[in-house]
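J.: return a 3D structure for these sequence lines:
(2 chains)
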Number of protein chains: 2
Amino acid sequence: MVGIGPGHLSDMSPRAREALLAAEVVVGYDTYLELVRELLAEKEVIGTGMMREIERCQAAVDQALAGKRVAVVSSGDPGIYGMAGLVLELALKAPVDVRPAVDIIPGISAVGAAAALLGAPLMHDFAVISLSDLLTPWEVIRKRTEMAAAGDFVIALYNPKSTRRVSQIEEVREIILRHRPAATPVGIVHHASRPKEKMVLSTLADFTKEFIDMFSLVIIGNSQTYIKDGRMITPRGYRL
Amino acid sequence: MVGIGPGHLSDMSPRAREALLAAEVVVGYDTYLELVRELLAEKEVIGTGMMREIERCQAAVDQALAGKRVAVVSSGDPGIYGMAGLVLELALKAPVDVRPAVDIIPGISAVGAAAALLGAPLMHDFAVISLSDLLTPWEVIRKRTEMAAAGDFVIALYNPKSTRRVSQIEEVREIILRHRPAATPVGIVHHASRPKEKMVLSTLADFTKEFIDMFSLVIIGNSQTYIKDGRMITPRGYRL
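T.: You can find the predicted model right below:
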C-alpha cells in the first residue's frame, strides 16, 4: 500500500517512491496512476476507473498470491479513507500459509495538504468526516457531525458533495450553525498539490454558495478560528 | 514551516528536503533537528530544548525580518499540533510592509505513521484529541472526548500521558467505556519511523496498563474496529 501524497511528486516520500520502483505490478485508480506515471515504465499496470474498489484490490491480492511484488497506489494517505483497509481485509481472507505480507507506507494526507494551503486551521483538536453515504448510513454521518459540532472540534469534510449528492452539505451547515457563529471561517481547497490547485476562504453562513465537489476538501473552524491576511488560523492557546 | 515527517528521512518529502537545503537558518526543537542533522551542514542552527515554543518561533520570525531565509522544523505535519500556527501568528504581528512570507510544507503526520504501523484503523471518520492540558482546559478536552465517543469516531490521542499527567488517560478510558465495549481494540505506537519504533495492541479495558508516555500515539477503535492477524482494521463498510 503506497501513499503517493496529495498529488505532486515532490510531496511523495522517498519510501513510497522506492516501493513503487521496486514493484512488478502497480494497481490503482487511473487518476492516481497518472500522477506517478513517470515511475511506472516497464511495469504491469492494472488501473481502470471502471473497475470497482473491491475488484481492483482483489486483483492486487491475486497478483500477490501469484508471487508478484505488488504496489497498490492510493492518493494522500492510504490509511485515511484509502485502500489500506480493503487490501488488508482481502489479504487476510487468504489461508495463513499463503497470506501475502502487506506493508502500509503512509503519505501526506489530503487534509494535511489542504490545511497547509489554508494556513494553520488544524492546530487544535479536529474531527475528520466523510459525507459520502455510499457505505455509511446518513444518520451515522449526521450524528457524527452533530457531536463534532457540539465538541467544538475543527471539522474536516472529505467527499463533501457530488453531482448526485447535494443536500448533505447544506444539512451539515445547518447542524454546525446551531453550535457556532455564522462568521466562523471555512476553507475550501480543490486539488491541493496538483496543477489545478485552488483555495477559497468563506464563512459558515455562506460557504455552500462556493463551488464544491467530490475533489474538494472543506475545513470548518472551531470557536477560536480566525482569518488574518488571507490565512486561516486556529490558535493553540499561547498568550502572545 | 517544514514538516519533516515522523522521523526517518525516507518519510520526508522532497519538497521539505529542498526547503531545508535552501534555508540559511534552521530553527527547531533539538530532538527534531537531530533527525535531519545530515541536511544542516554550514547552516546557522537555532535549536534548544530549553527555549520555549514562543521564543523559538519568535527567533525564527526575527531572522526572517532580518532578511534571512528561515526553515522552522516540525516533526510530523507542522499543521497538526505543530508550530505552523504559532509562526503564522507571530509573523502576522509584523507590519504589513515588512511581514515575512510564510510557506507551510506539510509532512506525513504522526497519526498517519502510527495508523500505518497498526494496520488500517483510520478507514472511517476519526477525531484527533491532544490530552495536554497546558494550553487547553481539561474540561474542554473531556467534553471533546465525550462527544467523540458518543459519535462513534475512531479516536487518536496525541500527548496521552506524561510523568506529571497520569490521571487524564484513565478518565478518557472511563468516558469511552461508557460508549464502547471493553474489548474495543486500542493501538499504542511509540516512535513511529524512528529507531525505537514499537507498537502494542490492547483493548479499551486494559490499554492504560501498557507503557504510554508523551511520545506515544494512542488510537482507539470505533464500534466496528477489529484485530486480525495482528492488524487493527476499521472496515469502511464494503460487503466482502
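J.: where does the record place the domain boundaries for chain A?
T.: For chain A, the structural domains run A:2-98, A:110-233, going by automatic domain parsing.
J.: for chain A, which segments count as strands?
T.: A:2-3, A:25-28, A:44-47, A:70-74, A:119-120, A:126-130, A:154-158, A:185-190, A:198-203, A:216-220, A:226-228, A:231-233 (DSSP state E).
J.: how about the last one, does it reach chain B?
T.: It refers to strand A:231-233. Yes - legend: contact between strand A:231-233 and chain B by CB under 8 Å from any CB of the partner chain is shown at A:231, A:233. For glycine as for every other residue, the C-beta is placed from the backbone atoms N, C-alpha and C.
J.: chain center to that strand, what's the gap?
T.: Put simply, strand A:231-233 sits 21 Å off its chain's centre (CA atoms, centre = their mean, to the nearest Å).
J.: show me what that strand is packed against.
T.: Using 3 or more CB pairs under 8 Å, 6 or more residues apart in numbering or on different chains; DSSP states H and E as the contact criterion, the neighbours of strand A:231-233 among helices and strands are strand A:119-120, strand A:226-228, helix B:84-91.
J.: mind checking pLDDT for the residue positioned nearest the centre of chain A?
T.: Using CA atoms, centre = their mean, the residue of chain A that lies closest to the mean C-alpha position is residue A:110, 4.5 Å off. The per-residue pLDDT reported for residue A:110 equals 97.
J.: separation between it and chain B?
T.: Using CB to the nearest CB, to the nearest Å, one obtains 10 Å as the distance from residue A:110 to chain B.
J.: with residue A:181 instead?
T.: 18 Å.
J.: number of nearby residues for the residue nearest to that residue when sequence neighbours are not counted?
T.: In this structure, residue A:181 finds its nearest non-sequential neighbour in residue A:204, 7.2 Å apart by CB to CB, 6 or more residues apart in numbering or on different chains. When counting by other CB atoms under 10 Å in any protein chain shown, one arrives at 20 neighbours for residue A:204.
J.: residues in contact with residue A:204?
T.: When contacts are counted by CB atoms under 8 Å, 6 or more residues apart in numbering or on different chains, residue A:204 is found next to A:173, A:176, A:177, A:180, A:181, A:182, A:183, A:184, A:185, A:186, A:220.
J.: pull out the buried residues from those residues.
T.: Neighbour counting by 16 or more other CB atoms under 10 Å in any protein chain shown classes A:173, A:176, A:180, A:184, A:185, A:186, A:220 among those as buried.
J.: which two among these are spaced furthest apart?
T.: Of all pairs drawn from the buried ones among the contacts of residue A:204, the widest gap by CB to CB lies between A:173 and A:185 and measures 13.6 Å.
J.: got the contact list for residue A:184?
T.: The contact partners of residue A:184, taken as CB under 8 Å, 6+ apart, are A:176, A:203, A:204, A:220, A:221, A:222, A:223, A:225.
J.: try 7 Å this time
T.: Listed by CB atoms under 7 Å, 6 or more residues apart in numbering or on different chains, the contact set of residue A:184 reads A:203, A:204, A:220, A:221, A:225.
J.: which among those residues gets closest to residue A:63?
T.: residue A:220 (40.7 Å).
J.: returning to that earlier point: make JSON lines from the domains of chain A and add distance to residue B:159 to it.
T.: Listed next are those as JSON lines, based on distance: least, CB to CB, whole Å:
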{"stretch": "domain A:2-98", "distance to residue B:159": "21"}
{"stretch": "domain A:110-233", "distance to residue B:159": "11"}
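J.: out of those domains, which is closest to residue B:81?
T.: By CB to CB (comparing all of those), the closest turns out to be domain A:110-233, at 6.7 Å.
J.: endpoint to endpoint, the closest one covers what distance?
T.: 18 Å (CA to CA, to the nearest Å).
J.: ok, stretch A:214-231 next?
T.: Between the opening and closing residues of stretch A:214-231 we find a distance of 24 Å, counting by CA to CA.
J.: how much space separates residue A:10 from chain B?
T.: Relative to chain B, residue A:10 is positioned 4 Å away (CB to the nearest CB).
J.: report how many residues lie close to that residue.
T.: Residue A:10 - counted by other CB under 10 Å - has 14 other residues nearby.
J.: quick check, it in contact with residue B:15.
T.: Yes - look at residue A:10 against residue B:15 with CB atoms under 7 Å: they come within range, at 4.1 Å.
J.: check residue A:179 and give its pLDDT.
T.: Listed pLDDT for residue A:179 reads 98.
J.: grab the nearest non-local neighbour of it.
T.: What sits nearest to residue A:179 in space, not counting adjacent residues and going by CB to CB, 6+ apart, is residue A:149, at 4.2 Å.
J.: residue contacts, that neighbour?
T.: For residue A:149, counting by CB under 7 Å, 6+ apart, the contacting residues are A:175, A:176, A:179, A:180.
J.: what's near enough to touch the nearest residue to residue A:102 once chain neighbours are set aside?
T.: Distance criterion CB to CB, 6+ apart; nearest residue to residue A:102, sequence neighbours excluded, is residue A:91 at 5.1 Å. Applying CB under 7 Å, 6+ apart, one finds that residue A:91 lies in contact with A:61, A:99, A:100, A:102.
J.: need the pLDDT of the second one.
T.: We have a pLDDT of 96 for residue A:99.
J.: what are the ranges of the helices in chain A?
T.: A:14-22, A:30-35, A:53-65, A:84-91, A:110-118, A:138-150, A:167-177 (DSSP state H).
J.: deepest-packed of those, please.
T.: The highest mean neighbour count among those, using mean count of other CB atoms under 10 Å in any protein chain shown, belongs to helix A:110-118: a mean of 29.
J.: nearest to residue B:167, out of the helices of chain A?
T.: Closest to residue B:167 of the helices of chain A is helix A:138-150 (CB to CB; 24.2 Å).
J.: what distance do you get for the closest residue to residue A:45 other than its chain neighbours to residue A:37?
T.: Excluding its sequence neighbours, the residue lying closest to residue A:45 (CB to CB, 6+ apart) is residue A:26, at 5.2 Å. Distance from residue A:26 to residue A:37, counting by CB to CB, to the nearest Å: 10 Å.
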